[in-house]
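Visitor: the amino acid sequence is not available; the structure is as follows:
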């Protein structure tokens, strides 16, 4: 507001105050939003870390149960028929391992 029409000279000061007030409100709002965004970002990072940790734990448990059964089956295939194959879950490995235990307990003719 460099020049003001003489008709609006009395409105110049209130308009300048209004403009300053709007700038102050805009700055405050911007600062609050930046702070909120940083807070949300830190929560997102925390949730992402927890999710990755949970998935890693789940993958470890799953892989370990599979490799345990596979190791025992490999020992059986190598001729060690004293190995017990126990897996109590209801998944595919849990359904296969009882049949291996039955085959393992049958005496070999010899």
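Guide: Received, thanks. The model shown is predicted, which means the values in this text are computed figures rather than measured ones. Numbering: from 1, shown residues only.
Visitor: C-alpha from now on. contacts and neighbour counts both.
Guide: OK.
Visitor: how about low-confidence regions in the chain?
Guide: The model of the chain has pLDDT under 70 over residues 1-6, 85-88, 93, 97-110.
Visitor: center of it - which residue?
Guide: Against the mean C-alpha coordinate of the chain, by CA atoms, centre = their mean, the closest residue is residue 51 at 2.3 Å.
Visitor: now that residue: which helix or strand?
Guide: Assessed by DSSP states H and E, residue 51 sits inside helix 9-77.
Visitor: from the chain's centroid, how far away is that helix?
Guide: Offset of helix 9-77 from its chain centre (CA atoms, centre = their mean, to the nearest Å): 11 Å.
Visitor: other SSEs contacting it?
Guide: Contact partners of helix 9-77 among helices and strands, from 3 or more CA pairs under 8 Å, 6 or more residues apart in numbering; DSSP states H and E: helix 92-105.
Visitor: now the terminal residues of stretch 75-89, how far apart.
Guide: Taking CA to CA, to the nearest Å as the measure, stretch 75-89 stretches 21 Å from start to finish.
Visitor: same question for stretch 71-82.
Guide: One end of stretch 71-82 to the other measures 13 Å (CA to CA).
Visitor: residues near residue 33, how many?
Guide: Burial of residue 33, expressed as a neighbour count using other CA atoms under 10 Å, amounts to 12.
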